[in-house]
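>>> Provide a 3D model corresponding to the input given below.
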Amino acid sequence: MHYKHLWFPLGAVLIWAGNTVISKMSASVIAPEDISFYRWVLAALLMSPFLARQTWAARAQIRPHLGKIVVLALLGMVLFQSLAYFAAATASATSMGIIASLMPLLTLVLSIKLLSEPPTVGTLGGGILSLLGLAVLIGRGHPLALFEQGVVTGDLLMLLATIAYGLYGVMLRRWALPLRTWQLLYMQVLMAVVLLFPGFVLGHHSPVTRENLPILLYAGIAASIISQFLWMRGVAYLGASRCAIFVNLMPVFTVIIAVLALGEQLHGYHAVGGVITLGGVIMAQVFRQRLRWRRLPG
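Below you'll find the model as predicted:
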């Protein structure tokens, strides 16, 4: 392993952290349904000159898997990012980044059910610890206040978005579609455009302006294409397990960018909730010993 290859997953995670802040910035300049649609349209236009011909040539191999491709696009590109854009209206970028850090843990939990992977000590302990950290974060330092004041809508939407993407990762692994990586990504982008089109037509129509154009370019190019390329190269050189560790840096990067770019204040509950949540995620990845259930006598 060459250390220069570490820049691939590191760069991808840094772009994703920036995209969380970009999602927050978009809340005041463009409607969520519009940026969701424009983002994938831009990605499709940029990818088509390189992938359209070879993808069309492989249509016979792709056709049997169209239903699964639609589901993957719905989970990973429509629900995840659209819910994040709606969440940005009421949630801070700092909270969104910390909640998104639960993704590796949620993937492990979902794998127990959908991939029949046995639960581990880390999954159980990490899950409990992360839930505690999430309660501290969403409860703004007072977990019991959730029963009285309720949950901030944006935090809940971001949690649903993270669950959707965790399910996306699990289904991607379960189905293991026999298609080239870039062709599979391209097909998902096209399906996302189709699925988002009705919402775009029926929703608010925000014009592309000097204010929101940089946000669209970042979302459509950096977050949709460049980060994916960097991540795939990282997995190729380092392996999926090593790359997954870098996801733990996402909330750290998000907080730094949010403070610098948005002037968000870092409160004590952010630090406490974030450290507890991140500790649970790391625990789930490190402690892989399988749980052994003892049957009660009789």
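
>>> from here on, contacts and neighbour counts on C-alpha atoms
Fine.

>>> among the helices and strands of the protein, which has the poorest mean pLDDT?
For the chain, using mean pLDDT, DSSP states H and E, the weakest element among its helices and strands is helix 146-149, scoring a mean of 54.

>>> against which helices or strands is whichever helix or strand comes after that helix packed?
Toward the C-terminal end, the helix or strand that comes next after helix 146-149 (DSSP states H and E) is helix 153-175. With contacts defined as 3 or more C-alpha pairs under 8 Å, 6 or more residues apart in numbering; DSSP states H and E, the packing partners of helix 153-175 are helix 66-73, helix 80-87, helix 93-100, helix 103-114.

>>> what does helix 153-175 contact?
If you take C-alpha atoms under 8 Å, 6 or more residues apart in numbering as the criterion, helix 153-175 is touched by 72, 75-76, 79-81, 83-84, 86-91, 95-96, 99-100, 102-104, 106-107, 110-111, 114-115, 138.

>>> same check on stretch 209-218?
Outside of stretch 209-218, the residues within contact range by C-alpha under 8 Å, 6+ apart are 19, 22, 25, 26, 29, 30, 35, 38, 39, 42.

>>> which of the residues you listed fall in helices?
19, 22, 25, 26, 35, 38, 39, 42 (DSSP state H).

>>> among these, which one has the most neighbours?
Most neighbours among those, by other C-alpha atoms under 10 Å: residue 35, with 28 neighbours.

>>> which non-adjacent residue is nearest residue 224?
Nearest residue to residue 224, sequence neighbours excluded (C-alpha to C-alpha, 6 or more residues apart in numbering): residue 43, at 6.5 Å.

>>> any idea how far the one you found lies from residue 226?
Applying C-alpha to C-alpha, to the nearest Å, the value for residue 43 to residue 226 is 10 Å.

>>> what does residue 213 give?
18 Å.

>>> repeat that for residue 276.
31 Å.

>>> so between the two, which is more surrounded?
When neighbours are counted by other C-alpha under 10 Å, residue 276 comes out ahead of the other of residue 276 and residue 226, with 21 against 16.

>>> and that one, what pLDDT?
We have a pLDDT of 80 for residue 276.

>>> do residue 25 as well
90.

>>> which strand or helix spans the residue lying closest to residue 235 once chain neighbours are set aside?
What sits nearest to residue 235 in space, not counting adjacent residues and going by C-alpha to C-alpha, 6+ apart, is residue 243, at 6.2 Å. Residue 243 is part of helix 240-246 when elements are defined by DSSP H and E.

>>> one more: residue 46?
Secondary-structure element containing residue 46, defined by DSSP H and E: helix 32-57.

>>> can you give me the angle that helix makes with helix 80-87?
Helix 32-57 and helix 80-87 meet at an angle of 170 degrees, taking axes from the mean of the first three to the mean of the last three C-alpha atoms, to 10 degrees as the criterion.

>>> show me what helix 32-57 is packed up against.
Applying 3+ C-alpha pairs under 8 Å, 6+ apart, one finds that helix 32-57 contacts helix 80-87, helix 181-202, helix 213-217.
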